[in-house]
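Enquirer: below is the sequence, then the predicted model.
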Amino acid sequence: GAVVSQHPSWVICKSGTSVKIECRSLDFQATTMFWYRQFPKQSLMLMATSNEGSKATYEQGVEKDKFLINHASLTLSTLTVTSAHPEDSSFYICSARDLLARGEKLFFGSGTQLSVL
Amino acid sequence: QKEVEQNSGPLSVPEGAIASLNCTYSDRGSQSFFWYRQYSGKSPELIMFIYSNGDKEDGRFTAQLNKASQYVSLLIRDSQPSDSATYLCAVNPGDAGGTSYGKLTFGQGTILTVHP
C-alpha cells in the first residue's frame, strides 16, 4: 500500500524557536495533503489542507502566520510551527490523498510529537 | 458546526466477545465514513471505510451505516487483547474522488480494552 513518511518523529525545542515537519508521499503523487493536530486524550483536529502549488486552506481558529504550510512539490508538504510555545506541544499528523488508489485513498504519516519547553 | 460523537468509554469486553462501537454525526450531507484504530503515541490505522447504507464486513470487523439515523457503528467479533486501543470514527463530507475527500472530522474516540 501507499506510504506516507513523516519526519521527524519527535522533536523537543525551546520556546520561541521554529520547527519544521515534513510529510512525503513515497510512491504516489499527492496534490492534496492534510495536517492534523492531536492534544493528549483528545481526537485529531484538522488544521489545514495543503494544496500543491497554491496556498493552504486553514480551518477556523488556526493561525496561518504561525503554522506555515508549503506544498512545493507533488510529494512533499511541510508544516513549520513558528515561534513555538508550550501550548503548541502536540502530536502533529499529516495525511495524503491518492485518488487513483483502489480502496483506501487516504494515508496517514506516522506523526510528530512536538514538545516545547 | 459539524460534529462526530462517540462514547469515550472505556469499553471493556472479555476476550472472544463482540465489541460494539458507536458513532453519530451531525452533517447529514456526509458521504464517507471511516473507523480508525489508534495506539497511544501512534498514527491512526484504517480499519474500515463505508460509503453505503447497510453492513460491510472485513474479517472480524463489520461496519454498519444508517444515513437516515446518522449513525455508524463498528462490530469487532472474537475480540483479542491486541484489539485494545482507541477507536476513532471519522466522517468526510464528500465521496471518494471528490474535492473535499480527506477533510475528516474525527470523533473523540472510544477506548476499548479486551481483557483475557
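Expert: Ah, there it is. Numbering: from 1, shown residues only, chains lettered A, B, ... in the order given.

Enquirer: what's in contact with stretch B:36-47?
Expert: By Cβ atoms under 8 Å, 6 or more residues apart in numbering or on different chains, the residues outside stretch B:36-47 that reach it are A:6, A:44, A:91, A:93, A:104, A:106, A:108-111, A:113, B:34-35, B:61, B:74, B:83, B:85-88, B:90, B:106, B:109. In short, each C-beta sits where N, CA and C put it, glycine included.

Enquirer: up against chain B, what does chain A have?
Expert: Counting by Cβ under 8 Å from any Cβ of the partner chain, the residues of chain A close to chain B are A:6, A:32, A:34, A:42-46, A:49, A:91, A:93, A:95, A:97, A:99, A:104-106, A:108-111, A:113.

Enquirer: and these, which are buried?
Expert: A:6, A:32, A:34, A:43-46, A:49, A:91, A:93, A:95, A:97, A:99, A:105-106, A:108-109, A:111 (16 or more other Cβ atoms under 10 Å in any protein chain shown).

Enquirer: one step back: in strands, which of the residues of chain A next to chain B fall?
Expert: A:6, A:32, A:34, A:45-46, A:49, A:91, A:93, A:95, A:97, A:106, A:108, A:113 (DSSP state E).

Enquirer: could you dump the residues you listed into CSV and include pLDDT?
Expert: Rendered in CSV, the data for those read as follows (pLDDT from 0 to 100):
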residue, pLDDT
A:6, 96
A:32, 91
A:34, 96
A:45, 95
A:46, 95
A:49, 94
A:91, 96
A:93, 97
A:95, 95
A:97, 89
A:106, 88
A:108, 94
A:113, 96
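
Enquirer: over to the residue sitting furthest away from the middle of chain A. Which of the three states is it?
Expert: Largest separation from the mean C-alpha position in chain A: residue A:102, at 23.8 Å (Cα atoms, centre = their mean). Using DSSP: H, G, I helix; E, B strand; the rest coil, the secondary structure recorded for residue A:102 is coil.

Enquirer: I'd like to know how far it sits from chain B.
Expert: Computed as Cβ to the nearest Cβ, to the nearest Å, the residue A:102 to chain B distance reads 10 Å.

Enquirer: list the contacts for that residue?
Expert: Here residue A:102 is in contact with no residues (criterion: Cβ under 8 Å, 6+ apart).

Enquirer: model confidence score at it, please.
Expert: The model reports residue A:102 with a pLDDT of 74.

Enquirer: cool, residue A:109 as well?
Expert: For residue A:109, the model assigns a pLDDT of 95.
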